[in-house]
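**Student:** Quick one, what's the 3D model for this:
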Amino acid sequence: MDLKDLLIIAPEVQQALEKGQAVVALESTIIAHGMPFPKNVETALRVEARIREEGAIPATIAILDGHLRVGLNKAELELFGTQGEKATKVSRRDIPFVLAKQQNGATTVASTMIIAAMAGISVFATGGIGGVHRGATTTLDISADLQELARTSVAVISAGAKSILDLGLTLEYLETHGVPVIGYQTDYFPAFYTRISDLGVDYRVDDPAEIAKVLHYKWGMGLKGGVLIANPIPKQFSLSPEVIEAKIEAALSEAHAQKIMGKALTPFLLAKIESLTAGDSLAANIELVLNNARLGAQIAVELAKKEEN
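**Tutor:** Just a heads-up that it's a prediction; the model follows:
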């Protein structure tokens, strides 16, 4: 197979890209590994609908039957939803192996960024990025998402980093690698389930058009690399910082006792926290993803206007 044939872009997405219209990339790990069925498929469809409402085209990214797929139909979304953890969780290092074996793979933030950039998509909405794990000073457990943000020119809209992580070290890593962190209508870095942490952002920007302007200047002058746009969870869905921190500590203790690590750690922790919060964390997760999709679409629409002129 010619390597150029590995990338398959859905006709609707391809048409939008050729016309210079707004397109928003979405990951598939959140479907296969981030939520239980059928909530995962319901959420994926709601997220795509939210993006369309804002005037952009959604492009969920995955590896399907050994191809890099940009834009999935409903049946394909359902496939990943029902496969769940049977679908390989794919980060940068895993892509060639999953392709060579012609397997199905759910893309993480890092691999979604890579494939989005290959397709010419520069805006990507997700839930929360990976980062530096707690205890990383001894385990060296650092998500590949951070390095991808440093090297790949895609703007990532998230509700900060997952609060199971060491947020301070995550921000330090991003600063070291020159990744700007924008707080959308906030001066503080959001902590996924909660609206704020005690950590600041590099810049506060209150308008999607201004964010698009920043992206236009950054990439237009050849400054490669991503931008992290931190969008707090809506106030009515934010969880108590004290309550969620106690649940995170309990989940981390159980993961340590079971020797769960690597790429299995995050799905385990999210599922455990959902159980410990009686589903409140899942409800919050769904709402923050929808909120990020809305903002991602607004930014993509404004960026398309900039690039048209």
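**Student:** in the helix or strand bottoming out on mean pLDDT in the chain, what counts as buried?
**Tutor:** One helix or strand of the chain scores below all others by mean pLDDT, DSSP states H and E: helix 136-139, with a mean of 78. By neighbour count on 16 or more other Cβ atoms under 10 Å, the buried set for helix 136-139 is residue 136. C-beta: built from backbone N, CA, C; applies to glycine.
**Student:** Just the CA coordinates for that helix, please, in CSV.
**Tutor:** The C-alpha coordinates for helix 136-139 follow below in CSV (Å, rounded to 0.1, in the frame of the first residue of the first chain):
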residue,chain,number,x,y,z
ALA,A,136,6.5,11.6,38.1
THR,A,137,9.7,12.7,39.9
THR,A,138,10.3,9.0,40.6
THR,A,139,8.2,7.3,37.9
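**Student:** Run the chain-centre distance for that helix.
**Tutor:** Distance of helix 136-139 from the chain centroid (Cα atoms, centre = their mean, to the nearest Å) equals 24 Å.
**Student:** Sheet-wise, list the partners of the lengthiest strand in the chain with their directions.
**Tutor:** The single longest strand within the chain, with elements called by DSSP state E, is strand 57-64. Sheet pairing of strand 57-64 (DSSP bridges) gives strand 23-26 (parallel), strand 67-70 (antiparallel), strand 105-107 (antiparallel).
**Student:** before we move on, back to that, contacts for the least confident helix or strand of the chain?
**Tutor:** Residues outside helix 136-139 that contact it (Cβ atoms under 8 Å, 6 or more residues apart in numbering) are 133, 142, 166, 169, 261.
**Student:** what does stretch 234-251 give?
**Tutor:** Outside of stretch 234-251, the residues within contact range by Cβ under 8 Å, 6+ apart are 163-164, 191, 193-195, 232, 268-269, 272-273, 276-277, 280-281, 283-284, 287-288, 291.
**Student:** May I see the buried residues of that stretch?
**Tutor:** Of the residues in stretch 234-251, 237-239, 241, 244, 247-248, 251 count as buried by neighbour count, 16+ other Cβ under 10 Å.
**Student:** how about the helices in the stretch 1-150 of the chain?
**Tutor:** For the stretch 1-150 of the chain, the helices defined by DSSP state H, counting those that start in this stretch occupy 11-18, 29-32, 39-53, 74-83, 95-100, 109-119, 136-139, 144-151.
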